[in-house]
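> no sequence on this one, just coordinates:
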């Protein structure tokens, strides 16, 4: 999750400060929404989490970070991953 935050901060800086965006607005918006959804989901005190294609818009580094976070979470909760 930290890598997602860093990526969004980098993109935001490139866009707002440098005026040289390196990523399409749609990709930024999707990544931001995914981070927001993930944070909201993980903040809930649930015993079971179901993720439906949660890593679709993540690059390889962020996928790795996401799965590491899920691995830690799975020691305390049930995790269900759905992919099509």
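Okay, I see it. Note that the coordinates shown come from a computational prediction; the quantities given were computed from them, not determined experimentally. Numbering: from 1, shown residues only.

> any low-confidence regions in this protein?
Within the chain, the stretches with pLDDT under 70 are 1.

> longest helix of it?
Ranked by residue count and defined by DSSP state H, the top helix of the chain is helix 25-43.

> The helix or strand following that one pairs with which strands, parallel or anti?
On the C-terminal side of helix 25-43, the closest following helix or strand by DSSP states H and E is strand 48-52. With DSSP bridges as the test, strand 48-52 is paired with strand 78-82 (parallel).

> distance of residue 6 from residue 76?
Separation of residue 6 from residue 76 (C-beta to C-beta, to the nearest Å) stands at 26 Å. Any C-beta I mention is one placed from the backbone N, CA and C, and that applies to glycine too.

> Residue 45 too?
Separation of residue 45 from residue 76 (C-beta to C-beta) stands at 10 Å.

> tell me the angle whatever helix or strand residue 15 lives in makes with helix 25-43.
Assigned by DSSP H and E, residue 15 belongs to helix 2-16. Relative orientation of helix 2-16 versus helix 25-43 (axes from the mean of the first three to the mean of the last three C-alpha atoms, to 10 degrees): 150 degrees.

> what comes up buried for helix 2-16?
Under the neighbour-count criterion of 16 or more other C-beta atoms under 10 Å, helix 2-16 has 3-4, 7-8, 11 buried.

> Also stretch 26-38?
Result for stretch 26-38 [16+ other C-beta under 10 Å]: buried residues 28, 31, 34-35, 38.

> what's the answer for stretch 70-84, then?
Neighbour-count burial for stretch 70-84 flags residue 70 (criterion: 16+ other C-beta under 10 Å).
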